[in-house]
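A.B. asks: Got a sequence here, can you build the structure:
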Amino acid sequence: MASEAEKTFQRFAAFGESSSSGTEMNNKNFSKLCKDCGIMDGKMVTSTDVDIVFSKQFKEAMKELGQKQFKGKGEDEALENIYKLMEGKDPATTGVTKATTVGAVDRLTDTSKYTGSHKERFDESGKGKGMAGREETTDNSGYVSGYKGAGTYDKKK
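C.D. replies: Residues are numbered from 1 along each chain as shown. This is a model prediction of the structure:
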């Protein structure tokens, strides 16, 4: 089981560090490992405990955190339980960056509420018209813009 924990260690050590070989881990990734694997629960093992323990060797740190997480169990049994928590885990990326769609964002991106020249840039479905929506087309009909009787000169009533 320790080999699975070592693989997990390497994945977390390299997480977010493009130049990392996976053999050394910084405090940020160590804290992430403890949080994502359920070692740091916020009650028995806090982020302060993890930060203090980080300066120690990894196995020694896991032993110490195991004693805090699994009180009443032997040192080896607690370490095995810590390794079980780490087994097969990858660094979590869900919930790290969330797109906001509340308040003004919805209002500002709703093309049906656009007015003036901006309204001309989108069709009824909200899809952009591209250059056709941005270019000013010239009317070469010979009539003044806004004239309602355009094209009726030659027609009789």
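A.B. asks: C-alpha only now, for contacts and for neighbours.
C.D. replies: Noted.
A.B. asks: which stretches of the protein form strands?
C.D. replies: Along the chain, no segments are classed as strands by DSSP state E.
A.B. asks: any chance you could map the helices in it?
C.D. replies: Applying DSSP state H to the chain gives helices spanning 2-14, 27-36, 47-54, 58-69, 75-86, 104-108, 116-119, 131-134.
A.B. asks: in the protein, which segments are predicted with low confidence?
C.D. replies: For the chain, the stretches flagged by pLDDT under 70 are 1-2, 55, 95-103, 131-137, 156-157.
A.B. asks: picking up where we left off before, wait, which of the helices of the chain is closest to residue 148?
C.D. replies: helix 116-119 (20.3 Å; Cα to Cα).
A.B. asks: Dump the helices of the chain to a markdown table, plus distance to residue 93 and mean neighbour count.
C.D. replies: A markdown table is the format used below for these (distance: least, Cα to Cα, whole Å; neighbours: other Cα atoms under 10 Å):
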| stretch | distance to residue 93 | mean neighbour count |
| --- | --- | --- |
| helix 2-14 | 12 | 19 |
| helix 27-36 | 10 | 20 |
| helix 47-54 | 19 | 16 |
| helix 58-69 | 23 | 19 |
| helix 75-86 | 16 | 19 |
| helix 104-108 | 24 | 11 |
| helix 116-119 | 37 | 11 |
| helix 131-134 | 38 | 13 |
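A.B. asks: Quick one: closest of the ones you listed to residue 20.
C.D. replies: Between residue 20 and the helices of the chain, the shortest gap by Cα to Cα is with helix 2-14, which sits at 5.2 Å.
A.B. asks: what's the closest one packed up against?
C.D. replies: Contacts defined by 3 or more Cα pairs under 8 Å, 6 or more residues apart in numbering; DSSP states H and E place helix 2-14 against helix 27-36, helix 75-86.
A.B. asks: Taking helix 27-36 as reference, get the angle to that helix.
C.D. replies: On the basis of axes from the mean of the first three to the mean of the last three Cα atoms, to 10 degrees, helix 2-14 is oriented at 130 degrees to helix 27-36.
A.B. asks: Perfect, that will be all.
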